[in-house]
Every structure is written in C-alpha cells, then in structure tokens.
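Novice: Provided below are the primary sequence and the corresponding predicted coordinates.
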Amino acid sequence: MTVGFVMLCHTSLDRASQVARHWAARNCPVVIHVDYRVKRKAYDSLVKSLADLPNIRFSGRHACEWGTWGIVAATQEASTIMLRDFPAVRHVYLASGSCLPLRPADELLAYLAERPRTDFIESVTTEDVGWTIGGLDVERFTLRFPFSWRKHRRLFDGYVRLQRRLHFRRRIPAGIVPHLGSQWWCLTRQTLSAILENPERAEIDRYFRRVWIPDESYFQTMVRQVSANVESRSLTLSKFDFQGKPHIFYDDHLQLLRRSDCFVARKIWPHADRLYKTFLSRDDSTQTLAEPNPGKIDRLFAKAVERRTKGRPGLYMQSRHPNENWENGRTAAPYSVFAGFADLFENFEIWLGKATGTRVHGHLFAEDRVQFAGGEKTYNGALCDSATMRDYNPTSFLTNLIWNTRGERQCFQFGPADNQSLRSFIAGDPNAQISVISGAWAIPLFHANSNFGEIRKEAARLQKIEAEFLNTLRSPWVKARVRSWTLAEFVENPMEPLQTIVDEISPRAMRRLTEAPHLADLTGFGQFLQNLRNQGMQPVLMGDFPTGNDPRPSTSRRGRPYLVK
Amino acid sequence: MIPRLKDNSADERARVGVFSRYVMRLARKRWRIRAFRKRRELRPVIDRVNLIAPDHILLFSTLRNERVRLPYFLRYYRSLGVNQFLIVDNDSTDGSREYLAAQPDVSLWTSKHSYKRARFGVDWLNWLQMKYAHGHWALVVDPDEFFVYPFCDTRPLRALTDWLDASSIKSFSAMLLDMYPKGPFDVTPYQEGQDPFEIAPYFDSGNYVIQRNRKFGNLWIQGGPRMRMFFQDLPERAPALNKIPLVKWDRDYAYVSSTHMLLPRGLNQVYDEWGGEKASGCLLHAKFLDTFAHKAEEEMERRQHYANSHEYRAYRAGISTQPDLWCKWSEKYINWRQLEILGLMSKGNWA
C-alpha cells in the first residue's frame, strides 16, 4: 500500500519537478497537473525532466484561475488517473507545485498505514467559518459569480451587492450541506472514488461550477456524504495572512519547519535553496510517529497578522501613522500627569520618585526648556531638551518619550504656565492619569518677589488657562483617569489623595506612605488671595480659603495617613 | 469598524477630489516631460542595458566624486541581489567614472550639467527609469545609503520583491537613518572597501517627528542627529528622512523630490492609517565620515544643494566647532531586528 500525490502546478516548474522526483523515487506515484496558461516550452521541459520515472503521469490541462472551477476539474481528472493507473495507492494526497515534504515519505506512509480508513480534510460548516475574506461564506453557495475577482474587482463586488439587495438566492441541491476548508487534503481511495463515481456527479458538478472558490468547498462538502471517518484537518501546513494569501516559507524557517513535524508545507519560496536541499535529502526516518505540531508556526504567523492589522500601540513611524482614534492606544504605556503638586509640595518630584519608583520629570512642557528628570540635556531615544524642537511637534515629542521609555512609568508636572497644545491629546488618552490641584499655581506667585500689579496680571492669566484645562478634563470624550481637587480641599487632607494616586501607579506595592512630602509655607496665603480680590481679580480655582487665618488644620495628621482598605 | 485590508490605493483615490487628481496628473506629466527634456544632458559612458533581463532588480544612483565609497557600495548591493546598476556620474574628477565603467554590471552616463537644475539628479534618473525600469523593481539610492529591510540577513532582495509582488504592493518605504561615529568625524579615516558602519555605528533611536503631507499623501519625517545638532532653532528646515526607494516601476511614474515622494500619489501610501503596520525598511546613511568635511566645503562652493545649501551651511557652522553627534542615548547598530524592536522599521505581515 502506498500514497499517491496529485500535484497542481503553475509556477516554478523546476521546483515541482524536484519534489515530484523525490516522491516518485520513494515509490509514491505522482500525477501532475500543469495550468493551461503555462507556456508550452516550460511544460515540455517539465515532462522531459521526469520522463525517466515510470510512476509519474501528466493529466489534461485546465486553466486554473484562482477561485474558479478549473482547479476542481483539474483535481478530478488527475485523481481519476491516479486511481485508475496505480491500484496500490490507498491514500491520495493533494499537493501543489510549491509544496515541500518535511518528513521522509516512510513516516507519512507509516502514519497513514495506522489510519487506513481516515480522510484528512478540513471541512467546516459555513456557520462556523471565521477565516473567509470579504465576508463571503454561505453566500459563496447561494450567489452567482460571473465576474473575475482578480481582474474585475469592481464588477465582482457590485454584482454581489446587487444580488444581496434583490435577495437573489441560488437553490442548493438537495442533500448538499455546504462545508468549507483548506484546499489541500488526503483522502482514501474509497472516499475519493465514491465522490468521483457518484451517479449524480454531473448535476453536482454543474452546481459547483458556479460556486465561488469551489476548490475550498467541493471536496470538503462531498466528503461529508460518503466518508465515515473524516478527520477535519489538513496534513499540509499552510497558513494564510490577512489578505487571504498563503504565507511563504524561506530558508530561515528551516528549524521551525523541522520541529513542526508536519508532513508537507506550503508555500515554499522557489529560491529557498537550503529548504529544498535539506528536506529533499532527508530520508533518515526516525520512525517516531509524532503528530504534526504546527503550534509554533501558527503563533509566528498569527503575530504577523496582528502586527499588520493592529500594530504596536503608541508607535508612530514611517509605516504606521494611524488616524486619530484609530491608534489602538495613543501612547505606548501608562503615564501620570501632575498639575499643581510641585507648587504645593517642596521637592515633590524627589518624593514621588522615591514613593513610586518611577521616573519623575519636571515640567516637560515648560516654556523655556524641557525639564527632564535630573536636568538631563538629552533623554531616552536622544530626545533633546530644546523647547523649540518640542513645540515643533509636541505630539511626536510625547509619544516618542512614552515609546522610548516603555517599561518604566513616566510622571511629569504640568501647569498653566506650560505649553498647552497637548491638553486634549492627553485628556483623550486612556494611558494618562491626570491629577490636578486647581489653583496651586498661585503659591509660587505668593512667594514671588515681584510687584503686586504684575502678580495680579499673571494670576488672572494663569487662572484663565487652568479653567480651560479643567473644562477640557470635564468633556464627555475624556478617556484619561482624571482626579481634581481645589487647593483648599487638598490642603485639608493631603495624604488620602496622595495614597490613592500612589497606589494606582504601583498597585502591587501597597505601601503605606510613611513620609509625606513637605508642604510649602502657606502662612498668609489666605490674605494674599484676599489682596487679589481687593485688586479686582476673582481667584476661584483655589476653593474656599479662609481669609486671615492660616489654612493648615489637618497637617498635624501626617505620618498616619487614613486609609480605607 | 471594518479595518481596511487592501494594500491598493482605490480607497485613497476615492477620497481625494476629481480636481486635485487632475492637478496631480498634470504635475506628473510635467515632471515626465522635464525628465524627457533633460535626457539630452546625459552622455552615455558605457551602456550595458542589453544585459537587463525581464526579472532583474535594478539600482539607480547619481553621484559625484565618491570613488572611495564605490567598492563597498557595489559589493553591498550585489550581495543583496541587485542585478544591474544604472548610474549617472555628475562630472567626477576623482576616478569614479573610470572605476564604474570597468564594472561588468554597471551602465554609466555622465553629465557636466547642473545637478541643481536637474532637480538634484531626479530628472536624470526619472528619465533613465522611464526608459529602462518599466516593469522592474527599481531601487534608487545614493552611494552613502545602505538599504536594510526585514530579514535582510537571511533573505535576498528578491525574496522581498517577490513577496511585495504577491501582496500587490508597489512601493516600499525605507526611512533614512543617519549614522555617526563617536567623537569628531575625522578621527578614523574611511578606507576604501571598508564597511562604513564600523566607523559610524551610532544612530538616534526615538526622536523622529512625523507629519502628513496632505498634498502628496506621504509622511514627512524629520529628526535624528542632524535636527538635534544643526537645526535646533529652525526645526522646520531640518532635512526630510522619509524615503520610498524601492518601487515596482512603471514608465508613467515619476519621483517628485529626491526619493521622498512619488506620483501617482497611491505610491506614497506606504503607511497604514488604521493602526496596523506595513512592512518597511531603513536606509542607513553613512554621511558622517571623515569625507564629510571635505564634501561640505565643496558643496558650499558649488551651491548645488537643496534650499541654497542651507543644510551644508548649517553643517559647516557646526563642523568648524568639531561637533560630536554622539550622546549617551545614541544606539549602536546591531542588525535589522534591533531597528524593528525600536520601531524604526517593521516586518508588517511578512514573517
């Protein structure tokens, strides 16, 4: 008993000839079908190159345009010859000219000898298929497809739409339950002959002639009627990418292919000399009947498809530049924005870095220069601290920073005196954690050594900017994690909000804050605000600060923060 | 939400108006006519175009006085699998012409005319491509640009072009990545035949800024050490780094400005707009070697470079104070996989 190979070829005939010779020399008969559109000269030289082998046949040539009946007709004819001319064949294996055997023929024979009645053919009902491209699954069987998908895509699509609108449906012949699956199968003589000798074959063929991509459905459907033992998987390793075209194997896949334990792989790059040389000279049958295990290759290709369709979140580069809201992540990693904290607390950046173990920058968007952590002149990825360059494209600056430092959480200070152009970008970014103490910008002004008239003007300007910022943060489209307090609220009880923020930044640490950051001196701040009011300005963002008295009622509680677990 | 799964430009074309399409068509015709006129400026030195077979991969280049770089340049691209080189020599005086003419796979033209008025060589190459590259994969690079693409260490260029063909992709993007040495440029002189990245192995990994050019549909990328060092105060003048050097050429195509962008515009769609990554490569730019200072001087004299040689003026100002492009965040080049991980290029769905 042996296995016979039906090979469908249309390009790189020299490789097909090599593979056919490999099988034929190992006592596996081969029937070759060559696409009608291949030039006569190339065909003749293929025939000539295999003339010395008695167990190779060539079948009548059909034009095999992708998605049309020709491929099925070719398969039928070649299979008929196989069954007729080689009575020793028990399984017929359908392969293509760009297939490559990965395991010695003996191992395949032994594997099939253990399963003499099994048909290996992927066959899935249309309801359960998830892989069809273009949304055509059951409609492959119920619509008509007179136009070439390759050459007249618009007509093809238009005619499909028209039929859908008119609710046109072809009748599926009685007894046929549409199944789909990989084109590459391995069927037993009994099953295959039952399909080919079906008394109703003429009628069934007439129906399938007009089905879309019949090579993925004809045998897959018919096998369900005649076979008692369908193993719904293909013995050929063949992976498809997101466009529905097969992935190609190259020399550098050698180890992967070797370890996959699959019998045949498709599709091999014709110039992959090392693959052809290695696998076609491999006869060291280990006689281990290992099951094919394409898991690793599956993962590799699944990853490739994911990279092509989803990409790496937060990456902007020459071949990935998503439209707004299609980014699949505006930035690469979570980060925190603090507004007002560095004004209210002395050395807040150092304290935060210690408490959370993250990288804490100063005002990255300060007017004069980028305040990287530690006063660095350049930063990860050779980002530069020049404000001009940052402001040339602030979005690129931030996304670059977050991308370059992925793996280490970034925190930075933000305030109304900074460049505001990224406000809505950050607010709409689910990776951002924004904490605002509104009105805290008044503290440096309070400590500033300048004329009150200037202070008043500056305060009015900053208040206006911050009010706009807070408005942005209240918009319905905001995706960032936003928390905001007025200065008065925060000063009353600083530890609880700090604990919440720190816990969110490093959730697993669950540390109690033992050391609180040092509050700036607010003695006389209430009076300062009152002075602003007296000068005609209306400071509102700080909340209700008692005039006159020093607003530090709860700072005595630092050290034992209150925390509800 | 249906992600756009096609690599063709049909949707793109539907989006832009009929009028702007017509304007672009006229622009393309204009560049092609210009290239046709400029053909007279080229004088053939040696013509081996009869050796070009239908499936050959062609390389096009313009150069001037690059003799010392040529041996490695030719070796590098031959080993990738480029079959024929078509080169325009702009009046070299250092023996570049004689060296190239002696190579068995080089067809050479020479011109004494203005490089600038041939739009920095684009017109000359457009003409040669129109004439010889129709139906071929054509790679257009300068002698100091070295093409790196996914799997370039294990798969020849033909594997890439075959895959692009099978995926119906017509153009392939490769961003210019400026490479530099540590310390002043002239510490280690470049020897003929040497891999320039032994001397200049460093690059900036993550300071590139990207804008979309709505008119031509391409991305405009700037950044890297040149922007960081020479254009801090004038970032908008920093040189463009986006390049599309590898195209399945058709005689109707035309490069518009260097290899930064092409017409028709569909060819500039080398990036995905719906979150995915298309496959892309890099052009490692070996500009900052000891030869650079000399070149900058010469180019200043000739005033044959872009934007009144603003770029070279900025360099010269920088060079006189011995610039060191290296900083502690500079990355040392290892291989293409490193560039992939850093996000400078992508495998796309090629696996």
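Specialist: Structure's in. What do you need? Residues are numbered from 1 along each chain as shown, chains lettered A, B, ... in the order given.
Novice: Let me see the ranges of the strands in the stretch 101-250 of chain B.
Specialist: B:106-110, B:137-140, B:145-148, B:171-172, B:174-178, B:202-203, B:209-212, B:219-222, B:246-248 (DSSP state E, counting those that start in this stretch).
Novice: For A:Leu256, which of those strands is the nearest?
Specialist: strand B:145-148 (23.0 Å; CB to CB). Every C-beta, even on glycine, is put in place using the N, C-alpha and C of the backbone.
Novice: Give me the contact list for the closest one.
Specialist: For strand B:145-148, the surrounding residues in contact (CB atoms under 8 Å, 6 or more residues apart in numbering or on different chains) are B:73, B:76-77, B:80, B:139, B:141, B:174, B:176, B:196-197, B:245-246, B:281-286, B:336, B:339, B:345.
Novice: repeat that for 10 Å
Specialist: Strand B:145-148 is contacted by residues B:59, B:61, B:72-73, B:76-77, B:80, B:82, B:139, B:141, B:152, B:157, B:160, B:172, B:174, B:176-177, B:179, B:195-197, B:243, B:245-246, B:259, B:281-287, B:333, B:335-336, B:339, B:344-345 when judged by CB atoms under 10 Å, 6 or more residues apart in numbering or on different chains.
Novice: Low-confidence ranges, the chain, go.
Specialist: Picked chain A for this. The model of chain A has pLDDT under 70 over residues A:128-136, A:282-289, A:509-513, A:547-565.
Novice: could you do chain B instead?
Specialist: Checking chain B against pLDDT under 70 turns up B:1-16, B:303-322.
Novice: for it, which residue is closest to the average position?
Specialist: In chain B, the centroid-proximal residue (CA atoms, centre = their mean) is B:Val141; its distance is 4.2 Å.
Novice: could you dump the strands of the stretch 101-250 of chain B to TSV with mean neighbour count?
Specialist: TSV is the format used below for those (neighbours: other CB atoms under 10 Å in any protein chain shown):
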stretch	mean neighbour count
strand B:106-110	22
strand B:137-140	26
strand B:145-148	22
strand B:171-172	22
strand B:174-178	25
strand B:202-203	24
strand B:209-212	19
strand B:219-222	23
strand B:246-248	24
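Novice: Can you name the residue of chain A nearest chain B?
Specialist: A:Gly381 (2.4 Å; CB to the nearest CB).
Novice: A:Phe242: neighbour count?
Specialist: For A:Phe242, the neighbour count with other CB atoms under 10 Å in any protein chain shown is 15.
Novice: quick revisit: ok, and the closest non-adjacent residue to the residue of chain A closest to chain B?
Specialist: B:Gly206 (2.4 Å; CB to CB, 6 or more residues apart in numbering or on different chains).
Novice: which residues touch that neighbour?
Specialist: B:Gly206 sits in contact with A:317, A:379-383, A:396, A:399-405, B:223, B:329, B:331, B:342-344, where contact means CB under 10 Å, 6+ apart.
Novice: show me where the stretch 451-565 of chain A has helices.
Specialist: A:452-473, A:487-492, A:495-505, A:525-534 (DSSP state H, counting those that start in this stretch).
Novice: and among those, the most buried is which?
Specialist: Comparing those by mean neighbour count (mean count of other CB atoms under 10 Å in any protein chain shown), helix A:487-492 comes out on top with a mean of 21.
Novice: packing partners for that one?
Specialist: Secondary-structure packing of helix A:487-492 (3 or more CB pairs under 10 Å, 6 or more residues apart in numbering or on different chains; DSSP states H and E): helix A:341-344, strand A:432-438, strand A:481-486, helix A:495-505, helix A:525-534.
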